[in-house]
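Visitor: curious how this folds, go ahead:
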Amino acid sequence: MLTALAGGPVLLAAAIAGDLWWAAVVALLALVGLLEWYGLVRRYLGLPIPPDALIGGGLLLLAAAYYAAREPVAASGYGLGALAFVVLLYSLGRAAAMPARKPLAAGGAAAVGALYVAGLFGHFLLLRALEPHGLALTLLAVAGAWATDSGAFFIGRALGGRLLAPAISPAKTVSGAVGGWVSGFVVVLLGGVLVAAIPLPRALVLAAVVPIVCQAGDLLESALKREAGVKDTGRLLPGHGGVLDRFDSLLLVVPVVYYLWLLLQWWPL
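Guide: This next block holds a predicted model:
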């Protein structure tokens, strides 16, 4: 709770300030996340992965997202897709040139890490830049994810019952998942309609989807950590672990909210 109280206002202030302030905070989170991914994969594979491909490629993707947020027309088309393709090829080539010569394992891990960490964090910049609801959607995504996580934790602890996915995360229960969905749904719906002034049908869609994606992101991160044989990806945030531990849900929620909002522009809702 102390970690959340200390970090929450910083994240909120940066989101409100936008532009370079928001970009700086997101870039710092992405950089720490990339370093955590490096340690996670190196522990699992038992061999180094090309750091220039992982960190350099990840920061390049983040810079492209920042540019796309400011100049969406110039960055449209095949620009971002081509950049991801370059990162993939460079990662495989660098891994093939390393002494271990394991491009499939080391190069694939570097490319996936750059796309998973920096590519998803880049959507924080894209979502915030949407006009006129960018700030409201960003705050809704954050509030919805935190409400879902908190609801799942407390209700799951209180009610217990059948496990949700014991092979992936032995502590999560079905009651916690349902409670988390209800908590996230209520927060996103009320925040979307009463605070962000989003039309009710669109707010209902966001409120229904965000808690589901939030819990899917949490389970995905748990599966990655279980494969690597670690409990947390880092120790930066007391009580939470690392950046990837704290932002595992938002890494999926923010991109989904971004693309879902773009899709909703085409629907008469």
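Visitor: backbone phi and psi for K172, please?
Guide: K172 adopts backbone torsions of phi -90, psi 140, taken as degrees, to the nearest 10.
Visitor: list the contacts of it.
Guide: A152, G156, L163, L164, A165, D218, L219, S222 (CB atoms under 8 Å, 6 or more residues apart in numbering). From N, CA and C alone the C-beta is placed, and that goes for glycine too.
Visitor: again, only this time at 6 Å
Guide: L164 (CB atoms under 6 Å, 6 or more residues apart in numbering).
Visitor: for Y38, same thing?
Guide: Y38 touches L54, counting by CB under 6 Å, 6+ apart.
Visitor: that one and A106: what is the separation?
Guide: 11 Å (CB to CB, to the nearest Å).
Visitor: so the residue of the chain positioned farthest from its centre, which of the three states?
Guide: Distance from the C-alpha centroid of the chain, by CA atoms, centre = their mean, peaks at P99 (32.8 Å). What DSSP: H, G, I helix; E, B strand; the rest coil gives for P99 is coil.
Visitor: could you do V230 as well?
Guide: At V230 the chain is in coil, as set by three-state DSSP.
Visitor: tell me how many other residues crowd it.
Guide: Per other CB atoms under 10 Å, the neighbour tally for V230 reads 17.
Visitor: G33 now?
Guide: Count around G33 with other CB under 10 Å applied: 28.
Visitor: wait, a strand at it?
Guide: No. Per three-state DSSP, G33 lies outside any strand segment and is helix.
Visitor: ok, then the element right after the helix or strand containing L125?
Guide: Using DSSP states H and E, L125 sits in helix 120-128. Next along the chain after helix 120-128, taking DSSP H and E as the criterion, comes helix 134-159.
Visitor: near V174, how many other residues are there?
Guide: Neighbours of V174 using other CB under 10 Å come to 15.
Visitor: now the closest residue to it other than its chain neighbours: how far from G180?
Guide: Counting by CB to CB, 6 or more residues apart in numbering, R162 is the residue found nearest to V174 once chain neighbours are left out, at 4.7 Å. Here the criterion is CB to CB. By it, R162 lies 15 Å from G180.
Visitor: for F124, same thing?
Guide: 22 Å.
Visitor: please give me every residue in contact with K102.
Guide: So K102 contacts nothing (CB under 6 Å, 6+ apart).
Visitor: show me the contacts for V32.
Guide: Contacts of V32 (CB under 6 Å, 6+ apart): V243.
Visitor: sorry, that was for G33
Guide: So G33 contacts V117, V243, L244 (CB under 6 Å, 6+ apart).
Visitor: now do the helices in the stretch 151-269 of the chain.
Guide: Here the stretch 151-269 of the chain has its helices, by DSSP state H, counting those that start in this stretch, at 174-190, 200-228, 243-246, 250-264.
Visitor: pull out the buried positions in the last one.
Guide: Same thing as helix 250-264. L250, L251, L252, V253, V254, P255, V256, V257, Y258, L260, W261, L264 (16 or more other CB atoms under 10 Å).
Visitor: who touches stretch 208-222?
Guide: Contacts of stretch 208-222 (CB under 6 Å, 6+ apart): 144-145, 148, 165, 168-169, 177, 180-181, 184-185, 188, 248-249, 251-253, 256.
Visitor: look at V73 and report its pLDDT.
Guide: V73 is assigned 52 on the pLDDT scale.
Visitor: now A68: how far from L125?
Guide: Taking CB to CB, one finds A68 at 8 Å from L125.
Visitor: same thing with G161?
Guide: In terms of CB to CB, G161 sits 40 Å off from L125.
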